[in-house]
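A.B. asks: kindly return the folded structure for what I paste below:
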Amino acid sequence: MAKFGPKDIKKLRETTNAGMMDCKKALKESDGDFDKAIAWLREKGLGAAAKKASKVAAEGVISIKVGDNKAVIIEVNSQTDFVAQNDVFKNVVNTITEHAYNNNLGSAKEINSSEINGQPFSEYLSLQIATIGENLVVRRAGIISSDDKTFAINGYLHANNRVGVLLGAKCEDEATANKVKAELKNIAMHAAAMSPSTLSYKDFDAKFVEDETNGRIEKIKKENEELARLGKTLKNIPEFVSRQQLTDEVIEKAKEKIRAELKAEGKPEKIWDRILPGKLGRYISDNTLLDQELALLDQKYVMDDSMSVGEYFKKISKGKAEITDFIRLEVGEGIEVKEEDFAAEVAKQMA
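C.D. replies: Sure thing, here's the model as predicted:
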């Protein structure tokens with residue numbers, strides 16, 4: 001017995017623009033399963049939405065919604081930037097964002113497997129694909145939430161809607177949480193501009209740090225060759241690139257080297273303790289270049305580059321808050337788009 005009827009055929013036809021008999025056959029071949037029917041039409045090359053769903057969606061927008069105790073961030077991809085500016089597409093994105101926020105959906109998988117407006121999300125998205133005329137993909141999502149009033153949440157969406165950031169901070173009391181909330185937005189703006197990939201150097205994979213070390217040191221050596229040619233001050237050549245590598249033993253050796261240099265310079269031993277912290281700080285700065293580039297808390301804060309983001313946040317919170325949650329999404333990160341040969345494509349269509 002067929003597990004579909006005329007209404008199902010009509011719905012599949014409206015979704016894909018495929019012929020009625022093709023839709024009927026697709027449902028029959030998939031035993032009435034709507035998603036499998038769309039896949040069947042795609043395999044057969046039938047139907048507008050089915051064809052569109054196979055196109056790479058590398059454009060699109062980031063969307064966020066921030067409340068008092070919860071914030072969500074979503075990447076919705078389209079095939080072209082033109083469609084990403086379309087009001088219909090924007091309404092779809094807003095609907096999906098509200099859906100994720102209201103239902104505490106913190107991943108693309110959760111969103112794509114959910115129900116929206118009484119229908120499977122996949123069916124809803126297929127209808128939007130048919131309406132808009134391009135493939136749409138809910139690719140990534142994240143959520144930060146807490147019912148604790150001592151937890152502060154905020155975020156920032158860049159004006160072009162291509163970069164969004166969410167941050168969350170544990171605080172000692174509600175007053176501190178209220179105070180740092182606005183600062184979290186400023187730091188989120190920093191993260192949007194400076195592109196950190198992780199919250200802290202502690203989050204780096206040890207193998208990643210190891211792989212980055214030699215290349216970054218060699219890069220500085222090459223830069224020094226050019227600086228020497230121009231007669232400019234050379235950069236210090238580091239031994240390491242991350243605080244992960246600066247063990248207690250490494251730090252102690254650095255101190256011993258600094259003391260030896262001070263002795264060789266004839267500096268009185270009684271003033272070494274006053275000079276040592278500054279020189280050690282410079283050593284640490286020279287040997288944590290990876291952290292300063294890719295770890296949010298270790299980056300120089302754009303609004304006060306005399307200190308790192310972590311140092312600034314500690315200062316304004318008086319040590320009563322700690323940033324613990326960080327999500328940054330930028331449209332199209334990691335998507336490989338195949339370059340098309342336009343002339344060959346035209347020739348293919350005319351063959």
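A.B. asks: what about the longest helix in this structure?
C.D. replies: Identified as the longest helix of the chain according to DSSP state H is helix 206-229.
A.B. asks: point out the other helices and strands that it packs with.
C.D. replies: helix 289-294 (3 or more Cβ pairs under 8 Å, 6 or more residues apart in numbering; DSSP states H and E). Heads up, the C-betas are built off the backbone N, CA and C, glycines and all.
A.B. asks: what helices or strands is the helix it packs on leaning on?
C.D. replies: Other helices and strands packing on helix 289-294, by 3+ Cβ pairs under 8 Å, 6+ apart, are helix 206-229.
A.B. asks: re earlier: now do the buried residues in the longest helix of the chain.
C.D. replies: Within helix 206-229, the residues scored as buried using 16 or more other Cβ atoms under 10 Å are 208-209, 212-213, 217, 220, 224.
A.B. asks: tell me which helix or strand comes right after that helix.
C.D. replies: Next in sequence after helix 206-229, counting helices and strands by DSSP states H and E, comes helix 248-264.
A.B. asks: the following helix or strand past that next one versus helix 206-229: what angle between them?
C.D. replies: Scanning forward in sequence from helix 248-264 by DSSP H and E, the next helix or strand is helix 272-286. Relative orientation of helix 272-286 versus helix 206-229 (axes from the mean of the first three to the mean of the last three Cα atoms, to 10 degrees): 100 degrees.
A.B. asks: quick check: buried residues in helix 272-286?
C.D. replies: Residues of helix 272-286 classed as buried: 279, 283-284, 286 (neighbour count, 16+ other Cβ under 10 Å).
A.B. asks: what do you get for stretch 238-249?
C.D. replies: Applying a neighbour-count criterion of 16+ other Cβ under 10 Å, the buried positions in stretch 238-249 are 238, 240-246.
A.B. asks: tell me the one of the buried residues of helix 272-286 nearest Ala58?
C.D. replies: Closest to Ala58 out of the buried residues of helix 272-286 is Asp286 (38.2 Å), distances taken as Cβ to Cβ.
A.B. asks: pLDDT at that closest one, what is it?
C.D. replies: At Asp286, the predicted lDDT confidence score is 95.
A.B. asks: surely it is in contact with Val241?
C.D. replies: No - counting by Cβ atoms under 8 Å, Asp286 stays clear of Val241, with 9.8 Å between them.
A.B. asks: could I get the average pLDDT for the helix or strand hosting Leu41?
C.D. replies: In the assignment (DSSP H and E), Leu41 maps to helix 34-44. The average of the pLDDT scores along helix 34-44 is 78.
A.B. asks: and if you look at stretch 221-237?
C.D. replies: Across stretch 221-237, the average pLDDT comes to 94.
A.B. asks: tell me how the chain divides into domains.
C.D. replies: According to automatic domain parsing, the chain comprises the domains 6-42, 56-145, 201-330.
A.B. asks: format the buried residues of helix 272-286 as JSON lines; extra columns: distance to Thr95.
C.D. replies: As requested, the buried residues of helix 272-286 are exported to JSON lines (distance: Cβ to Cβ, whole Å):
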{"residue": "Lys279", "distance to Thr95": "57"}
{"residue": "Tyr283", "distance to Thr95": "53"}
{"residue": "Ile284", "distance to Thr95": "49"}
{"residue": "Asp286", "distance to Thr95": "50"}
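A.B. asks: now do the strands in this protein.
C.D. replies: Using DSSP state E, the strands of the chain run over 59-66, 70-78, 115-116, 119-120, 137-145, 151-157, 163-171, 300-301, 304-308, 321-330.
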